[in-house]
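Participant: Here's a sequence, model it:
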Amino acid sequence: QLHLVESGGGLVQPGGSLRLSCEASGRSFVDYVIGWFRQVPGKEREGVSCINCTDGSDGDTYYSDSVKGRFTISRDNAKNTVYLQMNNLKPEDTAVYYCAADLAAYGAPVVWNYDFWGQGTQVTVSS
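Facilitator: Model prediction:
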């Protein structure tokens, strides 16, 4: 069992930045695809980014159109942690952000491809 814990959420003004962390424990982390998702009340969970989820192109990362150019995903396997650096935040980025892991979740992140989930961290972008 892989246990994931997100942190780093909070309240930020439009144009500001946050860095989310997703720390894994329970088993070896290095072979897992890690995805970031977000969800607002009443809407489906949306895939935002993933790492080690492509065929090696684009740095083996993926970003949805809504965050491309503003968010950066990275991982530190020595720390069992994946990061999501979020810059130039907009009010529409407000959501609960979740990280998820799977051994074979290749391609754009979709909920049903991921087996392990964190509990989520709230990000609120507001002036």
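Participant: C-alpha only now, for contacts and for neighbours.
Facilitator: OK.
Participant: Just give the closest residue to the spatially most central residue of the chain, not the sequence neighbours.
Facilitator: Nearest to the mean C-alpha position of the chain, by CA atoms, centre = their mean, lies residue 36 at 2.1 Å. Spatial nearest neighbour of residue 36, chain neighbours left out: residue 99 (4.5 Å); criterion: CA to CA, 6 or more residues apart in numbering.
Participant: Ok, residue 11 next?
Facilitator: Residue 11's closest residue in space is residue 124 (CA to CA, 6+ apart), at 4.7 Å.
Participant: What strand or helix carries the one you found?
Facilitator: Secondary structure here is read from DSSP states H and E; on that basis residue 124 sits in strand 121-125.
Participant: now that strand: mean pLDDT?
Facilitator: Per-residue pLDDT values across strand 121-125 average out to 98.
Participant: Number the residues from 180 up from this point.
Facilitator: Noted, 180 is the first residue going forward, which turns the last one into strand 300-304.
Participant: from the middle of its chain, how far away would it be?
Facilitator: Offset of strand 300-304 from its chain centre (CA atoms, centre = their mean, to the nearest Å): 13 Å.
Participant: which residues sit against it?
Facilitator: Residues from elsewhere that reach strand 300-304 (CA atoms under 8 Å, 6 or more residues apart in numbering): 185-193, 268-277.
Participant: Mind giving me the PyMOL command for buried ones among those?
Facilitator: Buried residues within those, by 16 or more other CA atoms under 10 Å, are selected in PyMOL with:
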select buried, resi 185+186+187+188+191+193+268+269+272+273+274+275+276+277
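Participant: now, which of the contacts of strand 300-304 lie within strands?
Facilitator: Counting by DSSP state E, the part of the contacts of strand 300-304 found in strands is 185-186, 189-191, 274-277.
Participant: Make JSON lines out of those residues and add pLDDT.
Facilitator: As requested, the ones in strands among the contacts of strand 300-304 are exported to JSON lines (pLDDT from 0 to 100):
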{"residue": "185", "pLDDT": "98"}
{"residue": "186", "pLDDT": "98"}
{"residue": "189", "pLDDT": "97"}
{"residue": "190", "pLDDT": "98"}
{"residue": "191", "pLDDT": "98"}
{"residue": "274", "pLDDT": "98"}
{"residue": "275", "pLDDT": "98"}
{"residue": "276", "pLDDT": "98"}
{"residue": "277", "pLDDT": "98"}
